[in-house]
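S.K.: structure, please.
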Amino acid sequence: MEILDRIQKDYIQAMKERNEIKTTTLNMLKSQIKYKEIELKGTEKELQESDITDIIRKEIKKREEAIEMYKEARRTDLLEKEIKELEILNSYMPKPLSEDEIREEIKKIVEEMHAGKSDFGKVMKAAMERFKGAVPGNKIKEIVEGELK
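M.R.: Numbers count the residues shown, from 1 in each chain. Below is the predicted model of the structure:
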């Protein structure tokens, strides 16, 4: 997996550079990925790129919440650490798709399914699967509703 290899290479590089914050952030990320692999071991599923993206997104959300708390508490020492971790985690997220790219993909889904207004649920399910983790659900819903009118 491309993203997993990148995380591992960057982790090794950060250790060599003695970059403590990057090393600990990537180590934590690797641990979360390992937990997910163990969780999936008993099932038929294998770890996917989208699972790793979900893990990163959850960690980003944690950092964003912590940043807000530290701002309110005026803890600049802890705030700086969280901001640096957030920057590191964001660098592993896929580049966001433009609204036009999303709209084009959804148009393809509608055409493939020969979908009409009554097929909102089917189109939504297919779109959520295709954009898993890359586009917020409310954005997909808005575009799907526009395309099925």
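S.K.: when you work out contacts or count neighbours from here on, use the C-alpha atoms and nothing else.
M.R.: Fine.
S.K.: what about the closest residue to residue 56 other than its chain neighbours, distance to residue 26?
M.R.: With Cα to Cα, 6 or more residues apart in numbering as the criterion, residue 56 has its nearest non-adjacent residue at 6.5 Å, and that residue is residue 89. To residue 26, residue 89 is 8 Å away according to Cα to Cα, to the nearest Å.
S.K.: after the one helix or strand residue 65 maps to, next one along is what?
M.R.: Assigned by DSSP states H and E, residue 65 belongs to helix 49-73. Moving toward the C-terminus from helix 49-73, the next helix or strand (DSSP H and E) is helix 76-90.
S.K.: quick one, that following helix and helix 49-73 angle?
M.R.: 160 degrees (axes from the mean of the first three to the mean of the last three Cα atoms, to 10 degrees).
S.K.: list the buried residues in helix 76-90.
M.R.: 79, 82, 85-86, 88-89 (16 or more other Cα atoms under 10 Å).
S.K.: in a markdown table, list those residues along with distance to residue 134 and pLDDT.
M.R.: Formatted as a markdown table, these follow (distance: Cα to Cα, whole Å; pLDDT from 0 to 100):
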| residue | distance to residue 134 | pLDDT |
| --- | --- | --- |
| 79 | 27 | 92 |
| 82 | 23 | 95 |
| 85 | 20 | 95 |
| 86 | 17 | 95 |
| 88 | 18 | 96 |
| 89 | 15 | 95 |
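S.K.: for residue 137, state which of those residues is nearest.
M.R.: Closest to residue 137 out of the buried residues of helix 76-90 is residue 89 (21.2 Å), distances taken as Cα to Cα.
S.K.: residues in contact with the closest one?
M.R.: Residue 89 sits next to 25, 56, 59-60 when contact means Cα atoms under 8 Å, 6 or more residues apart in numbering.
S.K.: neighbour-wise, which of those residues leads?
M.R.: Among the contacts of residue 89, residue 56 has the most neighbours (other Cα atoms under 10 Å), with 22 neighbours.
S.K.: report the contact partners of that residue.
M.R.: With contact taken as Cα under 8 Å, 6+ apart, residue 56 is in contact with 29, 89-90, 92-93.
S.K.: which ones are touching residue 74?
M.R.: So residue 74 contacts nothing (Cα under 8 Å, 6+ apart).
S.K.: gap between the strand or helix carrying residue 38 and the chain center?
M.R.: Element membership for residue 38 (DSSP H and E) is helix 20-41. In terms of Cα atoms, centre = their mean, to the nearest Å, the centre of helix 20-41 is set 14 Å apart from its chain centre.
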